[in-house]
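**Student:** prediction below, plus the sequence it came from.
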Amino acid sequence: MTEYLIPTGRAETELVEKRSRFIGQVWPVESEEEARARIEETKKKHYDARHNCWCYRIREGGVERYSDDGEPQGTAGQPMLNVFQREGVTNVCCVVTRYFGGVLLGAGGLVRAYTQSAKDALDAAGISVMRRWVEVTVPCPYSFFERLRLEVEAVGGVLGETEYAADVTVHALLPEGAVEAFSARVTELTAGGSACTVSGEAFKAVPRK
């Protein structure tokens, strides 16, 4: 089963450390070309910054690259990359721009600042699970809706659109291997009053809670 983590979207955050401004940016990307384009865009936008340090991870081919962009070796790009390695996030590009504030941070201070900037930007972007999901539909009484929501979450699923009429019709995305057990659970809890119907499949990114 193919499953991997990617950033949910683009994000930008700012950290100030001893008057130096660190602007962290994260993007979801599909290729090295796209990652390089984001890096070049940032360099042009922040042409007056002292450093534009970057890293990216591309799932296809297992590509990982980084640059300290003039900072002491090992104090910027690699620590940034480590953030995404630890979180298991791929298809990601990150640039941390530094406007020097006049106070030297030392190697340890730089590592902490660049690591924190990358982590803050990733937290702001969010993490999504890219995988194949099974789309299911479950009609149920209003009184059962909250319990059904908990059952969807219990199997690692995600609630989708909900239709409100005489009954509630819940649409959800479930992991491939969870449909049979979920369906049996719905039948059991409603004494056969509600049934789970498979309505399709989708390979897509869904935000992780």
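**Tutor:** Yep, it's here.
**Student:** check which residues of the helix ranked longest in the chain are buried.
**Tutor:** Across the chain, the longest stretch assigned as helix under DSSP state H is helix 106-125. Of the residues in helix 106-125, 110-122, 124-125 count as buried by neighbour count, 16 or more other CB atoms under 10 Å. (C-beta placed from N, C-alpha, C; glycine too.)
**Student:** partners of the biggest strand by length in the chain, with directions?
**Tutor:** Scanning the chain for the longest strand, with DSSP state E as the assignment, gives strand 127-140. Strand 127-140 sits in its sheet next to strand 3-7 (antiparallel), strand 168-175 (antiparallel), strand 197-207 (antiparallel), going by DSSP bridges.
**Student:** rank these by pLDDT, which is bottom?
**Tutor:** Ranked by mean pLDDT, those bottom out at strand 197-207, with a mean of 87.
**Student:** what does it rub up against?
**Tutor:** 2, 6, 8, 126-138, 158, 171, 173, 179 (CB atoms under 8 Å, 6 or more residues apart in numbering).
**Student:** are any of those buried, and if so which?
**Tutor:** Buried residues within the contacts of strand 197-207, defined by neighbour count using 16+ other CB under 10 Å: 6, 8, 127-131, 133-138, 158, 173, 179.
**Student:** in the residues you listed, find the pair that's most separated.
**Tutor:** 6 and 138 (28.2 Å; CB to CB).
**Student:** just confirm residue 183 is within a helix.
**Tutor:** Yes: when DSSP: H, G, I helix; E, B strand; the rest coil is applied, residue 183 is found to be in a helix.
**Student:** fine by me, thanks again.
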